[in-house]
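Enquirer: return atomic coordinates for the entry below.
(3 chains)
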Amino acid sequence: MTAFGLLDVNNMFVSCHRVFDPSLAGRPVIVLSSNDGCAVARSDEAKALGIRMADPYFKIAKLCQANRVTVLSSNFGLYCDLSTRTMAVIAEHAPAAEQYSIDECFLDLTGMVEDLAVWCQGLRATVQRWVGLPTTIGTGPTRTLAKLANRLAKKSKRAEGVLDLAGHPEWVETALARTPVLEVWGIGKASAAKLAARDITDALRLRHADDRWLRQQLGISGLRTVQELRGIPCHDLEIIPDQRQSCTVSRSFGQPTGRLEDVRDAVVAFAGKAAAKLRSEKLVAGALTVYAATNRFRSDLPQRTLTACVTLYPAASDTRRIVQTAVAALERAWESGPWAFTKAGLLLADLVAEDAVPRDLFSPPPADPSAGLMQAVDSLNHRFGRGTARFGLASRTASWQARQDRKTPHFTSRWSEIPVATA
DNA sequence: TCTGGGGTCCTAGGACCC
DNA sequence: TCTGGGGTCCTAGGACCC
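Expert: Take a look at the predicted model:
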């Protein structure tokens, strides 16, 4: 019998801020997305006020003021660093683990002889003590059931952060009955609506749905999800992560713009970031897509998305080539018109490891004349902070830059911002 | 005034080939 | 009166995830 665990950090981004500012404990706190757009993390107290995931800030600003909610811009440097520490603690204690997202980790608990609930409590206590973050763990015979157990553990005070379905198969049926289909991992709004039309509203009913109908209506992924609810594993642990297939850098603009120069400026900056990311993972890209889009929420304004795809041959991670190619593609796709662009992005695809680039039969291996320069740029930026060395037009103060009005210090990743303790 | 960013997988349909 | 059948590859878009 297989046993999986799912550990996640409670309200991850908010909890990270609380590690460095204990005065936030017990108070309503939210963290906003890039551009200070939406609430992407809420403390329990903020959830209790009715603030939902992804609520646009401008719609809840009054509520926040009236209830003295602490509102923070996101600080990804901080979250990534605490995530790395958490995963390191887990790796030290769990037999096998797969990081699934910035705040979640699947565990393989198959064959463990200890009482699972007791062991999970021990791991939670260690993460709390060593990193300072509160966590929840659910277990089950499949990943989908471990997810489901995790969610229920969060809802129950008595569970104290752990629900062990793997060790208690007799609890599974009740757990399923208490889970709405929309809360099942892999079932989104579109599928939930189709299920509701058949009066399938909770996970227990979903478990008994007809396979042929499921395959036809929800596709192969939907059928797999239901198999997992039945206790039949369809997703294995992926301890060695697959090589990434694409890399995107995109941003919403601080101000809308219809000017090619502004969008080009943004694309140049994105190209620099994306190329550096590829180099840090020793990958090169064989294709590139640029796009610019208007605000999809403004149905009163004309809508337009410009896109351009180009192949990169030979595949590249050199910032200069990626910038040149992306800018040329953007200029070709550009249309002047009444458009107010509020977002642009760059997608690098067909990624291949640097040393596995396909070459044609007759040419000698290409010497890469820019490797030295790119290495120098990367190490400058690593040592002195992002943006120290950058290319051409890429500027830090352009009008397209995202808003970020409620910044907090990089407590753990910049020497100048490390907190000072006085005793 | 003000609505995130970065991914994956699956599917349907078109182009193309024999 | 009336245009095969079967296969592959590629792409765009949908659905979903955190």
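
Enquirer: just the pLDDT for residue A:83.
Expert: In this model, residue A:83 is scored at 98, pLDDT.

Enquirer: near DNA strand B, which residues of the stretch 51-200 of chain A?
Expert: Counting by Cβ under 7 Å from any atom of the strand, the positions of the stretch 51-200 of chain A adjacent to DNA strand B are A:54, A:56, A:58. C-betas here are computed from N, CA, C, even on glycine.

Enquirer: show me which of these is closest to DNA strand C.
Expert: residue A:54 (8.2 Å; Cβ to the nearest atom of the strand).

Enquirer: top of the residues of the stretch 51-200 of chain A next to DNA strand B by neighbour count?
Expert: In terms of neighbours by other Cβ atoms under 10 Å, these top out with residue A:56 at 13 neighbours.

Enquirer: quick one: contacts for that residue?
Expert: A:37, A:38 (Cβ atoms under 8 Å, 6 or more residues apart in numbering).

Enquirer: what about residue A:194, how many neighbours?
Expert: 16.

Enquirer: swap in residue A:385?
Expert: Residue A:385: 13 neighbours (other Cβ under 10 Å).

Enquirer: for the nearest residue to it once chain neighbours are set aside, give its distance to DNA strand C.
Expert: Among residues not flanking residue A:385 along the chain, residue A:414 sits closest, at 7.2 Å (Cβ to Cβ, 6 or more residues apart in numbering). Distance of residue A:414 to DNA strand C, computed by Cβ to the nearest atom of the strand, to the nearest Å: 25 Å.

Enquirer: wouldn't residue A:414 be in contact with residue A:383 here?
Expert: No - taking contacts as Cβ atoms under 8 Å, residue A:414 lies outside contact range of residue A:383: 11.9 Å.

Enquirer: between these two, which one's more packed in?
Expert: residue A:414 (11 against 8).

Enquirer: break chain A down into its structural domains.
Expert: A:1-168, A:179-242, A:247-384 (automatic domain parsing).

Enquirer: most packed of these?
Expert: Mean neighbour count (mean count of other Cβ atoms under 10 Å) peaks for domain A:1-168 among these, with a mean of 18.

Enquirer: what's opposite the residue in the stretch 1-150 of chain A that DNA strand C sits nearest to in the beta bridge?
Expert: The stretch 1-150 of chain A approaches DNA strand C most closely through residue A:101 (3.1 Å), counting by Cβ to the nearest atom of the strand. Using DSSP bridges, the bridge partners assigned to residue A:101 are residue A:104.

Enquirer: relative to DNA strand B, how far out is the closest residue to DNA strand C within the stretch 51-200 of chain A?
Expert: Per Cβ to the nearest atom of the strand, residue A:188 is where the stretch 51-200 of chain A lies closest to DNA strand C, at 2.2 Å. In this view, residue A:188 and DNA strand B are 10 Å apart by Cβ to the nearest atom of the strand.

Enquirer: that residue and residue A:182, how far apart?
Expert: 8 Å (Cβ to Cβ, to the nearest Å).

Enquirer: now swap in residue A:376 and tell me
Expert: Counting by Cβ to Cβ, the gap from residue A:376 to residue A:182 is 50 Å.

Enquirer: and residue A:299, by the same measure?
Expert: 26 Å.

Enquirer: would you turn the residues of the stretch 51-200 of chain A next to DNA strand B into TSV with pLDDT?
Expert: Converted to TSV, those look like this (pLDDT from 0 to 100):
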residue	pLDDT
A:54	95
A:56	96
A:58	95
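
Enquirer: which members of those residues are positioned in strands?
Expert: Using DSSP state E, no member of those falls in strands.

Enquirer: of those residues, closest to residue A:352?
Expert: residue A:54 (34.8 Å; Cβ to Cβ).

Enquirer: so who does the residue nearest to the closest one when sequence neighbours are not counted touch?
Expert: With Cβ to Cβ, 6+ apart as the criterion, residue A:54 has its nearest non-adjacent residue at 4.7 Å, and that residue is residue A:38. For residue A:38, the contact set (Cβ under 8 Å, 6+ apart) comprises A:32, A:54, A:55, A:56, A:57.
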